[in-house]
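[1] attaching a predicted model along with its sequence, questions to come.
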Amino acid sequence: MLRTLLTTTCVLAFAGPGAFAADNLFLPDLRPAYPDAWELEEENPLRFEFGARYWYTLGGFDTDLSGFDLKTEDTTHILELHGRIEDLGTDSYVKAIGGFGVVNTGSYNLDGEDGDMVGNTVAYAGGDFGWMPFGDMREGYSLGGLVGYQYWKEAPDTGRASFTVAETAADIDYSPETGAWSVGFDSEPNNFDIHAVRLGAAARFELAKSIDLTAEAVAIPYAYIDGTFGAHDLNPTSSGNLVRYQGSTTTIAGHAYGASGELLVGFHPTENLTVRFGGRAWYLNGQYDAETEVATIQPPQPNAEAPPNFTAPTLSRQRYIQTDNPFSLFRYGALFELTGRF
């Protein structure tokens with residue numbers, strides 16, 4: 001019995017490793033351990049564009065202030081900076097632009113008289129928020145709407161009207177011995193500032209791997225305009241012993257509506273560089289109220305009680321408001337863009 005047990009033990013001892021080795025041939029391979037960073041890498045949902053533009057524009061301003069007409073035409077070269085941030089996860093974007101006219105020429109007709117503009121200050125800035133629910137920004141086409149704000153300045157130099165700065169009779173220089181008198185004058189330039197609400201539609205299409213098309217059609221349901229109509233001139237008048245001068249520059253405040261549009265074709269010579277060209281147009285139409293002060297002066301009069309001396313002059317001021325004065329403003333032209341994408 002003891003001999004049998006020892007024999008069995010020896011057989012198992014020598015056969016065991018071979019048996020386990022044979023069994024290992026039929027065991028499946030075990031999965032290796034996960035690497036330290038085994039999770040999937042997500043795509044960055046943000047995409048950026050920043051660059052510069054050149055806008056070759058033709059512009060014009062037309063207004064009629066109670067029969068006092070002003071019409072301007074100009075050619076202005078504008079340099080612009082722009083930026084756009086897209087959120088691919090929500091198919092939305094924000095963008096901002098800012099531009100300034102660097103060179104311009106033009107002409108005007110002011111109350112029937114033609115002249116060449118010395119210059120025209122053109123500047124603008126604004127931003128939009130857009131949502132593109134139709135399509136997919138990742139897939140190469142997207143359509144949607146936008147809402148935004150734009151500031152727009154036009155300041156055509158068409159000459160300045162003089163107005164007296166005398167506020168009271170104490171501001172009038174006069175001689176009680178001779179009756180000679182004078183008042184000081186000043187002037188201000190034309191300056192029209194516009195604050196506009198933008199509502200519209202936007203689209204972008206990837207026509208090919210290296211070509212895209214960007215378009216905007218925007219309505220401006222409301223715009224507020226204010227500023228100075230510095231060329232508006234009230235000629236001095238006299239009646240009896242009274243002389244009337246324009247007592248301030250003409251200030252304006254009103255509202256307008258209009259539209260704008262933009263179409264650009266883009267080329268991508270490299271993955272991170274885009275060159276676009278196309279066109280843009282802006283138009284506004286509205287009306288405003290104009291306020292002007294008139295200074296009425298009674299010059300020194302002969303003093304009957306102490307001849308040949310003269311009495312002191314007097315001065316009074318009245319403010320006049322002229323309502324519902326129409327105006328229109330436009331600017332359009334070719335647009336060129338160089339943009340970095342990342």
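    Looks like it arrived, so ask away. Note that the structure is a prediction, hence the values are computed from the model and not measured.
[2] centre of the chain to the helix or strand residue 317 falls within, how far?
    Taking DSSP states H and E as the criterion, residue 317 maps to strand 314-341. Chain-centre distance of strand 314-341: 13 Å, with CA atoms, centre = their mean, to the nearest Å.
[3] and that strand, what other elements does it pack with?
    If you count contacts as 3 or more CB pairs under 8 Å, 6 or more residues apart in numbering; DSSP states H and E, strand 314-341 packs onto strand 46-65, strand 68-87, strand 250-270, strand 273-298. Where you see a C-beta, it was placed from the backbone N, CA and C, and this is true even at glycine.
[4] could I get the ones you listed as CSV with distance to residue 209 and mean pLDDT?
    As requested, these are exported to CSV (distance: least, CB to CB, whole Å; pLDDT from 0 to 100):
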stretch, distance to residue 209, mean pLDDT
strand 46-65, 16, 97
strand 68-87, 18, 97
strand 250-270, 8, 97
strand 273-298, 13, 98
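[5] and the spatially most central residue of the chain, how far from residue 77?
    Per CA atoms, centre = their mean, the C-alpha nearest to the average position across the chain is that of residue 125, at 2.6 Å. Relative to residue 77, residue 125 is positioned 18 Å away (CB to CB, to the nearest Å).
[6] one more: residue 234?
    Residue 234 is 35 Å from residue 77, by CB to CB.
[7] could you do residue 331 as well?
    Computed as CB to CB, the residue 331 to residue 77 distance reads 12 Å.
[8] what do those two both touch?
    Both residue 331 and residue 77 are in contact with residue 57, where contact means CB atoms under 8 Å, 6 or more residues apart in numbering.
[9] can you get me a residue count around residue 224?
    15 (other CB atoms under 10 Å).
[10] verify the stated contact: residue 212 with residue 263.
    No - assessed by CB atoms under 8 Å, residue 212 is found out of contact with residue 263, at 11.9 Å.
[11] okay, the helices and strands packed on strand 314-341 in CSV with mean neighbour count and distance to residue 340 next?
    Formatted as CSV, the helices and strands packed on strand 314-341 follow (neighbours: other CB atoms under 10 Å; distance: least, CB to CB, whole Å):
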stretch, mean neighbour count, distance to residue 340
strand 46-65, 17, 6
strand 68-87, 18, 10
strand 250-270, 17, 10
strand 273-298, 18, 6
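[12] and the ones you listed as JSON lines, adding distance to residue 204?
    Compiled in JSON lines, the helices and strands packed on strand 314-341 are given as follows (distance: least, CB to CB, whole Å):
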{"stretch": "strand 46-65", "distance to residue 204": "11"}
{"stretch": "strand 68-87", "distance to residue 204": "9"}
{"stretch": "strand 250-270", "distance to residue 204": "9"}
{"stretch": "strand 273-298", "distance to residue 204": "11"}
